[in-house]
Structure formats: structure tokens, C-alpha cells
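K.L.:
got a predicted structure plus its sequence, pasted below:
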Amino acid sequence: MNEIRVRALVESDRLWLGGFLREHWGSPHMVYGHGLQVFSCDELPGFVAFCGEEPVGLVTYSVADGQLQVVSLDSVREGIGVGTALMLAVERRGYELVALHRNAVEQARRIKPQIPAVGSDGIPLRDEIELEKRLSP
């Protein structure tokens, strides 16, 4: 098996990125139910993971007011550490659950109807979790 390699997204990735997001999320737009904030993931910074020459994962994020927010995270090869490698690229270990927003996905679906009702393994997509990690100054 090839080693996972992660690199920052570059401008020449944007066309691929838009197609990837449409394939996996229905559109490049991500809606967060808490506050109904809309992000255009194909315009955000992020990292792409490769296994050999094949892209196998993606993370996009937003930085505002000194806070980093992971907007999307995808792995097309489960169980080999793609998600971990991507999260390490944006430094996400050690987060704590600070809020559960019940039915937030239902609200987001009003803005982005492409959000599926059911996710992986038949799990209904209804709620949004909010994680936080305090970084030392």
C-alpha cells in the first residue's frame, strides 16, 4: 500500500475540487445549520491527501476572527488514516465537544436541498456537532 501524502490545495486544484465536492456533497456549498452560514468550499483553503498519484481525501477550512473552522472533510479510502493525516495538517487533535445543535441539518437542507437525509451506514443526518480546541497564545 502506498503512503499517504498531504499537500495544501493550490489554484490548479480548483476545477478538480469543484467536481469532487459536487460528487461527494451535491454542490461545492456547505451550509452549517447553527447560524445557517454558507461556505463555498471550492474557494476555501485546504489540503488534499494522495495515495500514490490518486487523490483520496480532502479537508477545507475557514479562518475568521483568529478561529479556524473545518468546513468539509472527506476520505474516499476508509480505514487507512486519510482523515487523520488531513486533520493533522490542520491540527485538530484534542478537541472537545462544546455543543450539539439538534436538527441543524434539517434547517440547512432548506438552503441546500442536496444534503442527503441518510449518510454512511444508513445513519440519518439530522444534528450538527460543534468541537473546540483552545490553542495557547
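P.N.:
Done, it's in.
K.L.:
for the closest residue to residue 18 other than its chain neighbours, give me the pLDDT.
P.N.:
Excluding the flanking residues, the one nearest residue 18 by CB to CB, 6 or more residues apart in numbering is residue 42, at 4.4 Å. All C-beta atoms are positioned from the backbone trio N, CA, C, and that covers glycine. At residue 42, the model reports a pLDDT of 92.
K.L.:
quick one: residue 42 from residue 85, how far?
P.N.:
21 Å (CB to CB, to the nearest Å).
K.L.:
and residue 55, by the same measure?
P.N.:
13 Å.
K.L.:
which of those two has more residues huddled nearby?
P.N.:
residue 85 (20 against 17; other CB atoms under 10 Å).
K.L.:
after the strand or helix carrying that one, which helix or strand is next? Please name it.
P.N.:
Taking DSSP states H and E as the criterion, residue 85 maps to helix 82-89. Downstream of helix 82-89, the next assigned helix or strand under DSSP H and E is strand 96-101.
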